[in-house]
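Undergrad: turn this into a model:
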Amino acid sequence: MQNFIYHNPTKLVFGKGMIARLSQLIPAGKRIMVTFGGGSARRNGVYDQVARALEGREYVEFWGIEPNPTVETLREAIALGREHRVDFLLSVGGGSVIDGTKLIAAGLRYEGDPWEIVLRGRADDTVPLGTVLTMAATGSEMNSGAVISRSETREKYAFQGSYPVFSVLDPQTTFSLPQRQIAAGLSDTFVHVMEQYLTTTCQSRLMDRWAEGILHTVVEIAPLIREERRDYDAMADYMLAATLALNDMIRMGVSQDWATHMIGHELTALHGLTHGATLAIVFNGTLRVLREQKRDKILQYGARIWGIVEGTDDERIDRTIARTVEFFRSLGLSTRLSEEGIGRETILEIERRFDAAGVRHGEAQNVDGAMARRILEACL
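TA: Residues are numbered from 1 along each chain as shown. Below is the predicted model:
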């Protein structure tokens with residue numbers, strides 16, 4: 001096991017009716033800005049719960065943080081926050097709203113353009129924020145990461161902001177989500193775990209078993225949620241699985257990959273494809289192209305998650321990849337670029353972008369532009 005330092009300061013407030021605790025969670029006297037997405041919080045009743053909880057408090061609302069939040073929109077939010085001298089942020093929504101709010105938190109204390117923070121990859125000073133999660137997927141409610149897009153240049157990059165002070169998770173807020181969003185969220189959760197798990201063997205028995213526990217949970221609850229989205233216990237497991245998949249817990253002392261995510265971000269930037277949907281396509285190409293590098297861990301994954309223990313090693317790997325594809329398809333997601341109308345022109349552009357940035361991703365730092373092209377070609 002590698003050396004590591006672990007610290008996660010986010011207070012998790014989980015369960016039915018917990019949104020009512022906001023008045024206790026936000027320190028008195030704070031000038032609050034509440035951030036929202038496109039309006040689903042009004043339709044599902046979450047807005048009314050938040051408004052009741054904040055009754056008597058000083059706050060302003062900012063609406064319109066889009067899926068794959070853009071710096072163009074967030075500049076407007078930062079301007080509003082400065083106008084009202086905001087010193088606490090409350091994000092109400094899914095991962096995109098939370099990610100966007102992390103950049104607002106940094107931008108309120110930065111004199112330059114907030115895109116400079118994204119390009120630098122980190123924020124040095126931020127306004128504190130809390131979240132009310134309504135869409136489980138990204139884990140942003142309990143980590144410091146965020147991913148921001150720039151429409152003008154069709155770019156999308158990650159940066160490290162601040163951990164939320166607290167996050168309120170009420171599984172009932174997910175009951176009205178469209179099936180497509182849930183499918184993308186399950187895909188995102190699954191691949192988050194795989195990016196930290198499917199690297200090399202014999203690093204940590206404990207991390208492996210924690211990761212495998214989340215994977216088993218996602219596979220088990222996916223058909224239950226597809227059949228009945230108002231199953232509280234299933235949605236509670238889904239919500240918590242998504243949080244634990246990326247709250248730094250399962251990466252302690254082990255190597256990580258993240259190549260699939262970096263390639264997926266480019267597909268979103270260029271085509272607007274939902275992040276979880278990109279992962280359902282790209283991850284299978286990663287398995288196909290890097291099967292020798294990841295051979296031992298793929299065999300372990302196939303045996304422990306899918307029960308594939310018979311046949312030669314190559315036969316077991318083939319069957320493991322096939323079962324993984326089958327899982328994504330069971331969610332109703334595409335597993336080939338061609339199904340989304342994406343072809344070689346996009347592949348070459350992503351290769352060019354990787355080469356121009358000089359990046360090398362993956363646990364072996366070998367996913368450069370040429371390797372990204374090979375992975376995407378395996379997804380056609």
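Undergrad: after the lowest-mean-pLDDT helix or strand in the chain, heading C-terminal, what element do we hit next?
TA: When each helix and strand of the chain is scored by mean pLDDT, DSSP states H and E, helix 40-43 comes last, with a mean of 87. Per DSSP states H and E, the first helix or strand lying C-terminal to helix 40-43 is helix 46-53.
Undergrad: what about that next one, distance to the chain center?
TA: Relative to its parent chain, helix 46-53 has a centroid offset of 25 Å by CA atoms, centre = their mean, to the nearest Å.
Undergrad: report all helices and strands that that helix contacts.
TA: Other elements packing on helix 46-53 under the criterion 3 or more CB pairs under 8 Å, 6 or more residues apart in numbering; DSSP states H and E are helix 22-25, strand 88-93. For glycine as for every other residue, the C-beta is placed from the backbone atoms N, C-alpha and C.
Undergrad: hmm, who's touching the first one?
TA: With CB atoms under 8 Å, 6 or more residues apart in numbering as the test, helix 22-25 has contacts from 11, 13, 50, 53-57, 90, 130, 132, 165-166, 168.
Undergrad: tell me which of these fall in helices.
TA: Counting by DSSP state H, those place Val50, Ala53 in helices.
Undergrad: the contacts of helix 22-25, buried ones only, as a ChimeraX selection?
TA: Command for ChimeraX that selects the buried part of those, burial taken from 16 or more other CB atoms under 10 Å:
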select :13,50,53,54,57,90,130,132,165,166,168
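Undergrad: for the contacts of helix 22-25, which one is nearest Arg120?
TA: The nearest member of these to Arg120, counting by CB to CB, is Val165 at 23.2 Å.
Undergrad: next one: the closest one relative to Lys11, how far apart?
TA: 7 Å (CB to CB, to the nearest Å).
Undergrad: any idea which of the helices and strands packed on helix 46-53 is most buried?
TA: Mean neighbour count (mean count of other CB atoms under 10 Å) peaks for strand 88-93 among those, with a mean of 28.
Undergrad: quickly run through the sheet partners of it, with directions.
TA: Note on strand 88-93: by DSSP bridges, its sheet partners are strand 32-35 (parallel), strand 129-133 (parallel).
Undergrad: out of these, deepest packed?
TA: When these are compared using mean count of other CB under 10 Å, strand 129-133 is most buried, at a mean of 28.
Undergrad: want to throw the strands paired with strand 88-93 into JSON lines with distance to Ile98 and mean pLDDT?
TA: Below are the strands paired with strand 88-93 laid out as JSON lines (distance: least, CB to CB, whole Å; pLDDT from 0 to 100):
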{"stretch": "strand 32-35", "distance to Ile98": "9", "mean pLDDT": "98"}
{"stretch": "strand 129-133", "distance to Ile98": "5", "mean pLDDT": "98"}
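Undergrad: need the ones you listed in a markdown table (columns: distance to Ile19).
TA: Listed next are those as a markdown table, based on distance: least, CB to CB, whole Å:
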| stretch | distance to Ile19 |
| --- | --- |
| strand 32-35 | 12 |
| strand 129-133 | 6 |
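Undergrad: and the strands in the stretch 51-200 of the chain, which stretches?
TA: 59-62, 88-93, 129-133, 145-150, 155-160, 166-169 (DSSP state E, counting those that start in this stretch).
Undergrad: ramachandran angles for the most centrally placed residue in the chain?
TA: Nearest residue to the geometric centre of the chain (CA atoms, centre = their mean): Thr138, 2.3 Å. Note on Thr138: backbone dihedrals following degrees, to the nearest 10 are phi -80, psi -20.
Undergrad: chain neighbours aside, what residue packs nearest to it?
TA: Distances taken as CB to CB, 6 or more residues apart in numbering place Gly95 nearest to Thr138, at 2.8 Å, with adjacent residues excluded.
Undergrad: check contacts around that neighbour.
TA: So Gly95 contacts Met135, Ala137, Thr138, Gly139, Ser140, Glu141, Asp188 (CB under 8 Å, 6+ apart).
Undergrad: show me where the stretch 151-300 of the chain has helices.
TA: Taking DSSP state H, counting those that start in this stretch as the test, the helices found in the stretch 151-300 of the chain are 179-197, 205-227, 232-245, 259-271, 275-289, 295-306.
Undergrad: for the fourth one, give me every contacting residue.
TA: Defining contact as CB under 8 Å, 6+ apart, one finds that helix 259-271 is touched by 68, 147, 149, 154-158, 191, 194-195, 273-275, 278-279, 281-283, 286, 340, 342, 346, 349-350, 353, 359, 361-362, 367, 371-372, 375-376.
Undergrad: repeat the analysis, applying 7 Å as the threshold.
TA: Residues outside helix 259-271 that contact it (CB atoms under 7 Å, 6 or more residues apart in numbering): 68, 147, 149, 154-156, 191, 195, 273, 275, 278-279, 282-283, 286, 342, 346, 349-350, 353, 361-362, 367, 372, 375-376.
Undergrad: pull up the distance across stretch 142-156, start to finish.
TA: 21 Å (CA to CA, to the nearest Å).
Undergrad: measure how far that stretch is from the centre of its chain, please.
TA: The answer for stretch 142-156 is 11 Å, by CA atoms, centre = their mean.
Undergrad: for stretch 371-378, same thing?
TA: Relative to its parent chain, stretch 371-378 has a centroid offset of 22 Å by CA atoms, centre = their mean.
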